[in-house]
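In: mind folding the following:
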Amino acid sequence: MNHPRPSRRPERLVMDRAGIGYDSHRFADGRPLILGGVAIPAERGLAGHSDADAVCHAVIDALLGAAGAGDIGTRFPDTDPRWKDARSLDMLRTVVAELGASGIRPRHVDVTVILERPKLADFKLPIAASLAGALGLHPGSVSLKAKTNEGMGFVGRGEGIAVLAVATVEGP
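Out: I've put the predicted structure just below:
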């Protein structure tokens with residue numbers, strides 16, 4: 001009876017994993033509004049140690065969660081002067097490169113931005129394309145939705161923004 005011979009090279013086990021990210025920031029006068037690496041025309045930007053790009057921050061947390069690699073606060077602490085006014089899109093690229101070095105790569109990202117104003121309809125595709133570039137993904141692998149909070153809570157009162165992100169990754 002013929003039995004298949006075992007392979008001399010073990011198959012690499014690749015797993016799909018998912019992570020959830022969340023970020024919120026207050027609006028602040030005198031700062032640009034940057035979402036997903038895209039400058040959005042607005043009266044106010046977001047307060048934060050870096051450029052306060054809540055979209056990138058939520059995506060970073062989702063990726064780190066999927067990889068079991070901690071969170072953005074541990075990786076880029078707001079007590080570290082290196083990250084003062086840093087571009088969050090560059091922080092995202094750094095995380096993608098570090099995960100890639102350990103064999104983990106993004107497969108898909110889904111983002112929901114929750115804010116009353118400004119409206120993001122004209123910016124959803126540019127934001128998704130910017131994120132896709134930083135993630136090394138086809139733009140079709142990044143989904144971006146914008147919602148209001150129907151006037152409820154800090155978002156509804158126009159005090160800030162909230163962002164949810166889900167990322168799937170593959171790797172060992």
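
In: show me the contacts for the residue most central in space within the chain.
Out: In the chain, the centroid-proximal residue (Cα atoms, centre = their mean) is residue 59; its distance is 1.6 Å. For residue 59, the contacting residues are 21, 92, 109, 111, 131, 135, 165, 167, by Cβ atoms under 8 Å, 6 or more residues apart in numbering. All C-beta spots, glycine's among them, are computed from the backbone N, C-alpha and C.

In: which non-adjacent residue is nearest it?
Out: Ranked by Cβ to Cβ, 6 or more residues apart in numbering and with sequence neighbours excluded, the top spatial neighbour of residue 59 is residue 165, at 4.7 Å.

In: what's the burial count for that neighbour?
Out: Residue 165 has 28 neighbours, counted by other Cβ atoms under 10 Å.

In: likewise residue 76?
Out: 19.

In: can you check the one 3 residues further on too?
Out: Residue 79 is surrounded by 7 other residues when neighbours are defined as other Cβ under 10 Å.

In: for residue 26, same thing?
Out: Residue 26 sits with 13 neighbouring residues when counted by other Cβ under 10 Å.

In: kindly report the same for residue 22.
Out: 14.

In: what do you get for residue 102?
Out: Neighbour count of residue 102, defined by other Cβ under 10 Å: 11.

In: show the contacting residues for it.
Out: Taking Cβ under 8 Å, 6+ apart, one finds 67, 171, 172 in contact with residue 102.

In: please report how far the first one lies from residue 78.
Out: Using Cβ to Cβ, to the nearest Å, residue 67 is found at 22 Å from residue 78.

In: who has more neighbours, these two?
Out: Using other Cβ under 10 Å as the criterion, residue 67 and residue 78 rank with residue 67 on top: 21 against 12.

In: return the backbone torsion pair for the residue nearest to residue 50 when sequence neighbours are not counted.
Out: Of all residues not flanking residue 50 in the chain, residue 86 sits nearest, at 4.4 Å (Cβ to Cβ, 6+ apart). Backbone torsions for residue 86, taken as degrees, to the nearest 10, come to phi -70, psi 150.

In: correct me, but residue 86 touches residue 77?
Out: No. With contact defined as Cβ atoms under 8 Å, residue 86 does not reach residue 77; the gap is 11.6 Å.

In: show me what stretch 143-159 is in contact with.
Out: Stretch 143-159 has contacts (Cβ under 8 Å, 6+ apart) with 24, 26-27, 36, 55, 108-117, 119-121, 124, 127-128, 131, 160-162.
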